[in-house]
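Visitor: Here is a sequence with its predicted model. Questions after.
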Amino acid sequence: MWSIVYFVVRDLLRSRWTLVYFIFYLFSGWALLFLTEQTQKALVTLLYITVVLVPLVATLFGSMYYYNVRDFIALLLAQPLPRAKLFIALYLGISLSLTFSYVFGLGLPFLFYGLWHWQSLIDFAILLWVGVLLTFIFTGFAVGVSLWSENRIKGFGIALILWLFFAVLYDGIFLVLLVLFREYPLEKFALIAMAINPIDLGRILILLRLDIAALLGYTGASLKHFLGTTAGAVTAQSLLLFWVVFPLWVIVQIAKRKDF
């Protein structure tokens, strides 16, 4: 299993698109810290880049890589290797390669500019942690959908629709519901709505740490009001970890039942 993980990581790290991903974060982190010279402002900007771009790249890479190596997967399935382990290894390989590019791309600029204070170090570590979790979550979605659909265009389209829903459409739907039911108490509804969107959870987890009330949004403000900053952060992180496990469980179930 781990030899497959190593093969996938090595293969993707040699890809020019992985290099572009690394260079983008390297340049973004360096430019923001050079222009603002304030770690917190740079973190807020990188937060909004992270919660949109990281899930998108994980979705694209997860789907494209799976469909590109289907012949290799078919060859491995002929070997005495459990199906679940094979697809878990594929999922881990894609997730780890993207994680390396993301962490080192952002890490190098902050090592030179931003991590001179303990507070900045913790804030930056949380940003990296959220990016890593979102990478694993949306890679899991992409691999699960691609495994379920043999049609490349259909699987790729469904994976992109999932990203579009969580990153763009979800907030619009939520705002419409808030307007329609503004006369009713919606705090508990907001907490439930937050729990079903991993991108929203990642955003709120960082903003709770930075304590920027104006940027928390309705769900973040409700979470802080009911649970407090510390308990709210623990709750958001626990829900994010659930979202990491859930796609992995789906991948295992599909792999066990699918007739290859």
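Guide: Looks like it came in fine. Numbers count the residues shown, from 1 in each chain.

Visitor: Residue 82: neighbour count?
Guide: Other residues within reach of residue 82, judged by other C-beta atoms under 10 Å, total 12. Every C-beta, even on glycine, is put in place using the N, C-alpha and C of the backbone.

Visitor: all helices of the stretch 101-250 of the chain, in order?
Guide: Assigned by DSSP state H, counting those that start in this stretch, the helices in the stretch 101-250 of the chain fall at 118-148, 152-164, 170-180, 187-195, 198-210, 213-257.

Visitor: so which of those comes closest to residue 84?
Guide: Ranking these by their distance to residue 84 (criterion: C-beta to C-beta) puts helix 213-257 first, at 4.7 Å.

Visitor: So for stretch 138-154, mean pLDDT?
Guide: Looking at stretch 138-154 alone, the average pLDDT works out to 90.

Visitor: do the same with stretch 103-122
Guide: Stretch 103-122 comes out at a mean pLDDT of 77.

Visitor: for it, how far is the first residue from the last?
Guide: Stretch 103-122 has an end-to-end distance of 14 Å (criterion: C-alpha to C-alpha, to the nearest Å).

Visitor: Going by neighbour count, which residues in that stretch are buried?
Guide: With burial defined by 16 or more other C-beta atoms under 10 Å, the residues of stretch 103-122 counted as buried are 103, 105-107, 109-110, 113-115, 120.

Visitor: now do stretch 7-20
Guide: Buried residues in stretch 7-20, counted by 16+ other C-beta under 10 Å: 7-9, 11-13, 18.

Visitor: Now do the contacts for the residue nearest the centre of the chain.
Guide: Central residue of the chain (C-alpha atoms, centre = their mean): residue 134, 1.4 Å from the mean position. Applying C-beta atoms under 8 Å, 6 or more residues apart in numbering to residue 134 gives the contacts 50-51, 54-55, 58, 198-199, 202.

Visitor: For residue 102, see how far away the residue nearest to it when sequence neighbours are not counted is.
Guide: Residue nearest to residue 134 in three dimensions, not counting chain neighbours: residue 54, with 4.7 Å by C-beta to C-beta, 6 or more residues apart in numbering. Here the criterion is C-beta to C-beta, to the nearest Å. By it, residue 54 lies 7 Å from residue 102.

Visitor: shared neighbours, these two?
Guide: By C-beta under 8 Å, 6+ apart, the residues touching both residue 54 and residue 102 are 131, 135.

Visitor: Residue 57 and residue 97 touch, don't they?
Guide: No: distance between residue 57 and residue 97: 11.0 Å, which falls outside the contact criterion (C-beta atoms under 8 Å).

Visitor: State the number of residues packed around the residue nearest to residue 134.
Guide: The local packing count at residue 54 equals 25, with neighbours defined by other C-beta under 10 Å.

Visitor: next one: the one 3 residues further on
Guide: Residue 57 is flanked by 23 other residues according to other C-beta under 10 Å.

Visitor: Give me the distance between it and residue 204.
Guide: In this view, residue 57 and residue 204 are 21 Å apart by C-beta to C-beta.

Visitor: Same check on residue 191?
Guide: Following C-beta to C-beta, the distance that separates residue 191 from residue 204 is 11 Å.

Visitor: Which of these two has more residues huddled nearby?
Guide: Shown here are residue 191 and residue 204; by other C-beta under 10 Å, residue 204 has more neighbours (29 against 17).

Visitor: nearest to residue 89, of the buried residues of stretch 7-20?
Guide: Ranking the buried residues of stretch 7-20 by separation from residue 89, with C-beta to C-beta as the measure, puts residue 8 on top at 7.1 Å.
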